[in-house]
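Novice: Kindly generate the corresponding structure for this input.
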Amino acid sequence: MPLLFIISPAKRMDVVEGPPSACSRPEFLESATQLAHGLLALGYDGARQIWRCSEAIAHRSWAQLQAMPDDMLADPALLSPAVTSYVGIQYQHLAPQVMSGQQIDWLRTHLRILSGMYGVLRALDGVVPYRLEMHTRLPMGDSRDLYGFWGERIHDALARDAAGMPIVNVASHEYAKGVTPFARATKTPILTCEFLSPRKSDGKLVQAATEAKAARGTFVRWCAEQGVEETGELTNFSERGYRLDRSRSDEGTLTFVRSEP
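Specialist: Alright, predicted model coming up:
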């Protein structure tokens, strides 16, 4: 069974054309359309409170939302693939648009993107742009937020696909939180990757948000280039000046430390 990697999405999304093309539907598409209808039911003002964004972004997001429930159900070939739809530092460094066909195949098999709207996405699942972060307090039925709405479903889908292999956690805490509590309860093996770099002010090793995003994208790209299939291969990662720090690593954590740039 494939080694699965989980990463976070990005706030910003674009509709993209050209290779690679989307070729599959999200597993939890019905739940995603339910969330889209739930946002619409709030009206513009209610949705903007949920989004907590500028008026310009809210107007753009509300316009996208009007057609979202129907657009989500379109043929995947007419939609953007998840891995190229997200725009942000992590995805710039992952750079799927310039990957070879073999590397894209690796992403399709090994990569899962956690999502507030879709739950979990494969790299070439067809998606539409949305704005809905995992920590959002959007009441749906008996659930007061998205963690409650998704419950154990994201974890269970990942554990099924991993089939006993460790899940390599390269996601932010906000998104990993939708998986790790259930993994601990069911003893699903998870290997979390941390990327520490020296803080400019005092040299203390920290996981700085911007650099961590760049490191995560670079790490996944490197894994695709290397065709990684076993966790033991991950220890060889050395891009962007990172090296594995064995003294800070253990059975459930790989800690990579960056030397001074």
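Novice: where does the protein dip in pLDDT?
Specialist: Filtered on pLDDT under 70, the chain yields the residue ranges 260-261.
Novice: Kindly provide the distance from Gln34 to Met13.
Specialist: Separation of Gln34 from Met13 (Cβ to Cβ, to the nearest Å) stands at 20 Å. Bear in mind the C-beta positions are built from the backbone N, C-alpha and C, glycine included.
Novice: Which one of the two is surrounded by more residues?
Specialist: More crowded of Gln34 and Met13, by other Cβ atoms under 10 Å: Met13, with 21 against 14.
Novice: any idea how far Pro96 is from the more buried one?
Specialist: Applying Cβ to Cβ to Met13 and Pro96 gives a distance of 14 Å.
Novice: now the strands for this structure?
Specialist: 4-7, 12-13, 80-81, 86-87, 111-115, 119-122, 126-127, 167-169, 190-198, 205-206, 242-244, 253-258 (DSSP state E).
Novice: residue boundaries of the helices in the stretch 1-150 of the chain?
Specialist: 29-41, 43-51, 55-71, 82-85, 89-94, 101-110, 146-150 (DSSP state H, counting those that start in this stretch).
Novice: how far is the shortest one from where the chain is centred?
Specialist: Put plainly, it is helix 82-85. 10 Å (Cα atoms, centre = their mean, to the nearest Å).
Novice: Ok, the last one next?
Specialist: Centroid separation for helix 146-150 versus its chain: 16 Å, with Cα atoms, centre = their mean.
Novice: buried residues in that helix?
Specialist: Neighbour-count burial for helix 146-150 flags 146-147, 149-150 (criterion: 16 or more other Cβ atoms under 10 Å).
Novice: which residues touch the nearest residue to Gln92 once chain neighbours are set aside?
Specialist: Distances taken as Cβ to Cβ, 6 or more residues apart in numbering place Gly217 nearest to Gln92, at 6.6 Å, with adjacent residues excluded. Applying Cβ atoms under 8 Å, 6 or more residues apart in numbering, one finds that Gly217 lies in contact with 89-95.
Novice: Over to Glu27?
Specialist: Glu27 touches 119-120, 122, 157, counting by Cβ under 8 Å, 6+ apart.
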